[in-house]
Structure formats: structure tokens, C-alpha cells
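A.B. asks: I'd like to go over a predicted model; first the sequence, then the structure.
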Amino acid sequence: MTILSATLARVKPSPTVSVTTLAQELKAAGRDVIGLGVGEPDFDTPDHIKAAAIAAIEAGKTKYTAPDGMPELKAAICKKFARENGLSYTPSQISVSSGGKQVLYNALMATLNPGDEVVIPAPYWVSYPDMVLLAGGTPVVVECGIEAGFKMTPEQLEAAITPKTKWLIFNSPSNPTGAGYTRGELKALTDVLMRHPHVWVMSDDMYEHLVFDDFTFATPAEVEPGLYERTLTVNGVSKAYAMTGWRIGYAGGPEELIAALRKIQSQSTTNPCTISQWAAVAALEGPQDFLAGNAKIFQRRRDLVVSLLNEAPGVSCPVPEGAFYVYPSIAGCIGKSAPDGTLITDDETFCRALLEATGVAVVFGAAFGVSPNFRVSYATSDEELTTACTRIREFCAALT
Ligand SMILES: Cc1ncc(COP(=O)(O)O)c(C=O)c1O
């Protein structure tokens, strides 16, 4: 008889653990390891945001707030949605949590019954399918290959929807591919959703501000106002404001759903950290001009990484529209052997052999639902990126 629940048995351990553990072991053994695995900006949180948190502590703003966020932050979020997305929400339509991750989790816990299906385009952020499973639902994974720019077509969406579909989880720009849907591509998907009124949309807009070239970010409820009543628009300060550790994410949506999220949070974690909420007010209400500057830095790094990776034999790296990831295919490396005799059978063996041979840690594609690929997070310095990509090229060139 086990102490563990049947629900837990539905969830798999994180598939990214094996490479991360190996990287830590190699580092502890004194090896020169370059980690391109973490999904967070390498910039520091801006000073005016830190100052707001320090001022909150000094002013004694260190007590509980309303469980799903204090009024000052909800007001700042309403203004942000109006200013940047043309979306009109009132404070009672806003939920604030300890990271976007908790918002997504609360929403799935609040809405899924056994047998409910959730459409998840792959490559997907690793947490989506397992959160759906934890909440008792069934993930319906739609594979979107490199030839389609890792984007779901309207036909694929139409085919994935059944009478049991409750949600589509939509993420643009995407973790792990960086792929961003243009307004036109998004409209084609929302047209499908308009024909299926029982399907809701959870739009994960976490990488909204990290878009490149002339790409313009768009979100479903903005592109198709007819979906406003069944869309949860999720965002947060982690990626745009380099605030991953502060743990503030939020969403706007219909009042009934937001009340359900509040109920769950009031019985689990209560309010997100009060001091972080004051920091998030400063982030959303303070200067926004540095966001474009950061995006320019990431765009330069993207260009560097894409061009270096495309020099590696057997690797093909598309140019993504946003985020700070690339997701190259290694189809041309499968079936080859490394100098130590390791046969590269799939992307997990590739990433393991790459790490052991060169000290470069990347995450294998199977973790994100589309293979054979790997994910590079390029949120690090040009020097590290150049060294890492050179090692990847040399590793691939040595495969026979
Ligand atoms: C696509 C996506 N959504 C949500 C999150 C969660 O962000 P946070 O919980 O830090 O707000 C992440 C973080 O990696 C992400 O990549």
C-alpha cells in the first residue's frame, strides 16, 4: 500500500532532470560546463523595481493582501492590458499569483473534470501536459513540425477539437521554439474557435515583450473580441522585467472564472508575496523603454546562435520570431556515432553525449513533445554563446 495518490501516478517526473543532473555532476567534478538550459533572462532586475520593494519593506507593507492580489497591483494590470493589448478588464476580472505558472495551474484545477480534453500544440512548455494530468484532464497533443515553423494550422486545430475539449493552451512567442503567430495566423485559429463555442482559450503571453525584427505581438481576445468571454489571458513580470525569482504572474478573464481561481488560491497559498506585488506595480507603472532595448540584445544573440548552429553538420536551425530560445533539428545527426562510440539514436542520447564530450548542456526535444531537436536558451553572454555553439559544431563535425 503506497502513501502516494493515484493522481501523482498520472504525472511523469520532469524529463529535463537527467541532463540537468548530469550537468551538475560534471560541474562538481571540475568540468568546464556551459549551461544553455535555463529559461530566464541573464539581466538583473531594474533598479527602480528593486527600490520599490525596499521601500515597501521599510514602510511595513509586509502583511497579507487580498488572496488574489492587492488593489494597487490589479489596477496596474488593468492599465497594462488596456495600454498594450487593447483589452478592457476591471479589477474583479484580474487574478494575481506566485508566477504565471500558478495562474495556469489554478485555472486547470478550477475547470477540469475527468475526461475533459485540453488541446496543446507541440512543441509545448514542459509543464502544460502534466498540469492537465494533475488536474484530472486529458492532454491532446498536436504535433507542429519544423516545416510549419512549429505553428499549429487551423486544420490541425479543427481536427483536434471534440465535444470533450475544454481548453486550447496557446503560447506565442513559444517556449521552447521562439515561434510567434502573426495576427493573420492567429485570426485563422480564432476563426476555428468561433465555430466551437464550448472551447475556451488559455493564452500564455509570457514572452510578449521579447519579439524581434518587425514582428508584432497579438493575443487571442484582442484579435477576436468574440472570444473575450471565454479567454484567460495570462502574463507576468518574470521574463520581460527580469523578475523570475520574485514570482508574480497574473491573468485577466471572465469574472466567474477569476472567482474560481481566487477560491483555489485562498485555500492553498493565499496572496503572492506582498513585497513582490509592490515591485510588480513599479514594473508595470514605471518606465517601459528598456524593454525594447532588451529585445534588441536578445535579437542580436538569436542571430548569432542561429548562424553558428547552422554551420554544424546535421543541424538545421530556423529563425524564431521571439522569446530567447531556438529549437534546431538534429535529424541529420541521428544514426551517427560519436568518437567514443556512442550511437546517436535520438535527441536524448545526442544531448547526453554532447554534454559528456563538450560540457555544453542543452535540453533534448522529447521533453517538449517534438523530436529530434534540442532547445537552446540564449539568455547568456555572446562569449559563452560563441564558445558553446563552436563546441556543438565541432561535436557534430566529429560524428561519423
Ligand atoms: C511559456 C511559459 N509560461 C509560463 C512560465 C512561468 O513563468 P512564471 O511562473 O515565472 O511567471 C514560463 C517560465 O518558464 C514559460 O516559459
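C.D. replies: Everything's here; your move.

A.B. asks: Helices along this structure, start to end?
C.D. replies: Secondary structure of the chain, counting by DSSP state H: helices at 6-9, 17-28, 47-58, 71-85, 100-111, 127-134, 154-160, 183-194, 220-223, 255-266, 274-285, 289-309, 347-358, 382-397.

A.B. asks: if we compare the ones you listed, which one ends up closest to Val119?
C.D. replies: Evaluated over the helices of the chain, closeness to Val119 peaks at helix 154-160, with 4.7 Å, by Cβ to Cβ. All C-beta atoms are positioned from the backbone trio N, CA, C, and that covers glycine.

A.B. asks: Please enumerate residues in contact with the closest one?
C.D. replies: Defining contact as Cβ atoms under 8 Å, 6 or more residues apart in numbering, one finds that helix 154-160 is touched by 119, 121, 140, 142, 144, 168, 188-189, 191-193, 195.

A.B. asks: And the average pLDDT for that helix is what?
C.D. replies: In this model, helix 154-160 has a mean pLDDT of 98.

A.B. asks: likewise stretch 231-241?
C.D. replies: 97.

A.B. asks: So what's the residue count around the residue in the chain positioned nearest to the ligand?
C.D. replies: Taking Cβ to the nearest ligand atom, the ligand has its nearest neighbour within the chain at Gly99, 2.6 Å off. For Gly99, the tally of surrounding residues (other Cβ atoms under 10 Å) stands at 22.

A.B. asks: wouldn't it be in contact with Ser238 here?
C.D. replies: Yes - here Gly99 reaches Ser238: they are 6.5 Å apart, a contact under Cβ atoms under 8 Å.

A.B. asks: shared neighbours, these two?
C.D. replies: Among the neighbours of Gly99, those also in contact with Ser238 (Cβ under 8 Å, 6+ apart) are 247-249.

A.B. asks: Adding pLDDT and distance to Cys333 as columns, could you present those in JSON lines?
C.D. replies: JSON lines is the format used below for these (pLDDT from 0 to 100; distance: Cβ to Cβ, whole Å):
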{"residue": "Arg247", "pLDDT": "98", "distance to Cys333": "38"}
{"residue": "Ile248", "pLDDT": "98", "distance to Cys333": "40"}
{"residue": "Gly249", "pLDDT": "98", "distance to Cys333": "37"}
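
A.B. asks: any idea which of the helices of the chain scores lowest on pLDDT?
C.D. replies: For the helices of the chain, the weakest mean pLDDT is recorded on helix 17-28, namely a mean of 81.

A.B. asks: How far off centre is that helix?
C.D. replies: 22 Å (Cα atoms, centre = their mean, to the nearest Å).

A.B. asks: I'd like to know which elements it is packed against.
C.D. replies: In this structure, helix 17-28 packs against helix 347-358, strand 360-361, with contacts taken as 3 or more Cβ pairs under 8 Å, 6 or more residues apart in numbering; DSSP states H and E.

A.B. asks: and if we set it to 10 Å?
C.D. replies: Applying 3 or more Cβ pairs under 10 Å, 6 or more residues apart in numbering; DSSP states H and E, one finds that helix 17-28 contacts strand 34-35, helix 347-358, strand 360-361, strand 363-364.

A.B. asks: Can you check which of these gets nearest to Gln277?
C.D. replies: Comparing the helices and strands packed on helix 17-28 under Cβ to Cβ, the one sitting nearest is strand 34-35, at 30.5 Å.
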